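Visitor: Mind looking at a prediction? Sequence and model below.
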Amino acid sequence: MSQSALKASTIATTMRFGRSRICGRAVPVLVVAVAALLVGCAQRDSITVGAVPDDYRTNHPIVIAEKNQKIDLPVGAGDRGMTGSQRDTLLGFLDGYDKSAAPTLTIQVPSGSANEVAATAAARDFARLAVAAGVKRNRIVVTSYQAASSEISSPVRVAYVSVRAQTDKCGRWPDDLVDTAENKHYADFGCSYQNNLAAQMDNPADLLGPRKPSTIDAENRGAVIDVYRSRGISDEFLGNSEVSY
């Protein structure tokens, strides 16, 4: 008998009697079917499914580091010293200067520009204004930089280094936004939020831990409590507070 005929005979016998003879023992048809399924699955690769590990706070962490604070103050070739708008802009810029840390304030004057003379005069006024704003005189350095062209007016650059909370720049799009096969958020997700949060931190040390609370004003607290006690509870308040069903 051929092999195919023998197999057909075995299947027919199994369907008729519900059992097949394997190695001289009776094995239920269900067990044979389960064994066949297991043999078929034994050759398949296993797939591990886990949670998405990345997070926007991990991709765009807020760090505390030194950052160069700088501003360019435009100076016209016909200006004679500091103008009112330059004064207001510089005072606003120096508002973030930490007088206790006292970093070096650098004033860079353009050299070889069309407004070199006017910029030099304005830089002297900027230095005097900085001293009046609380910057120590020995922490102010006036230097020069080479202008790009002698036919245009270059600004006076004022800069100092301070410790700030900061994160990386936004706008990274390395992959297609539509490609979500890995079920992960896109690279720029949460970057704007982290930058806004870092910019709002007036004291970067607040991200490291809570500050010590200030001393309470016991006298003012007692006065407030006395006023509250003297008022009592008015009938109007009780009438509005009662709930009727």
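Guide: Ah, there it is.
Visitor: This protein: helices as residue ranges?
Guide: Applying DSSP state H to the chain gives helices spanning 3-17, 29-41, 56-59, 84-94, 116-132, 191-199, 218-231, 235-241.
Visitor: buried ones in the longest one?
Guide: Neighbour counts over helix 116-132 (16 or more other Cβ atoms under 10 Å) mark 116, 118-123, 125-127, 129-130 as buried. C-beta coordinates here come from the backbone N, C-alpha and C atoms, glycine included.
Visitor: Can you redo these as a markdown table, where the extra columns are distance to Thr143 and pLDDT?
Guide: Shown next, in a markdown table, are those (distance: Cβ to Cβ, whole Å; pLDDT from 0 to 100):
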| residue | distance to Thr143 | pLDDT |
| --- | --- | --- |
| Glu116 | 14 | 95 |
| Ala118 | 17 | 95 |
| Ala119 | 12 | 96 |
| Thr120 | 12 | 96 |
| Ala121 | 16 | 96 |
| Ala122 | 15 | 96 |
| Ala123 | 10 | 96 |
| Asp125 | 17 | 96 |
| Phe126 | 13 | 97 |
| Ala127 | 12 | 96 |
| Leu129 | 18 | 96 |
| Ala130 | 14 | 96 |
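Visitor: List the contacts of Ala118.
Guide: 75-80, 153 (Cβ atoms under 8 Å, 6 or more residues apart in numbering).
Visitor: gap between it and Ala127?
Guide: Note on Ala118: its distance to Ala127, by Cβ to Cβ, to the nearest Å, is 15 Å.
Visitor: Quick check, central residue of this structure?
Guide: With distances taken as Cα atoms, centre = their mean, Gln194 lies nearest the centre of the chain, 2.1 Å away.
Visitor: nearest to His60, of the buried residues of helix 116-132?
Guide: Of all the buried residues of helix 116-132, Ala130 has the smallest distance to His60: 34.4 Å, by Cβ to Cβ.
Visitor: from what I can see that closest one touches Val141, true?
Guide: No - using Cβ atoms under 8 Å, Ala130 is not in contact with Val141; the gap is 11.0 Å.
Visitor: for the contacts of Ala118, which one is nearest Thr104?
Guide: Thr104 lies nearest to Val75 out of those, by Cβ to Cβ, at 21.9 Å.
Visitor: residues near the closest one, how many?
Guide: Using other Cβ atoms under 10 Å, Val75 has 28 neighbouring residues.
Visitor: Wait, it touches Glu116, no?
Guide: No - assessed by Cβ under 8 Å, Val75 is found out of contact with Glu116, at 9.6 Å.
Visitor: Enumerate every residue touching Thr89.
Guide: If you count contacts by Cβ under 8 Å, 6+ apart, Thr89 has them with 71, 73.
Visitor: And it, how far from Glu151?
Guide: 25 Å.
Visitor: Verify the stated contact: Ala65 with Gln166.
Guide: Yes - assessed by Cβ under 8 Å, Ala65 is found in contact with Gln166 at 6.4 Å.
Visitor: Please identify which of these two sits among more neighbours.
Guide: When Ala65 and Gln166 are compared on other Cβ under 10 Å, the one with more neighbours turns out to be Gln166, at 18 against 9.
Visitor: That one contacts Glu66, correct?
Guide: No - Gln166 lies out of contact with Glu66 (Cβ under 8 Å); the separation is 9.5 Å.
Visitor: before we move on, the earlier item: so what sits against both of Ala130 and Val141?
Guide: The contact sets of Ala130 and Val141 overlap at 105, 107 (Cβ under 8 Å, 6+ apart).
Visitor: Low-confidence stretches in the chain?
Guide: The chain contains residues with pLDDT under 70 at 1-53, 180, 233-234, 237-238, 241-245.
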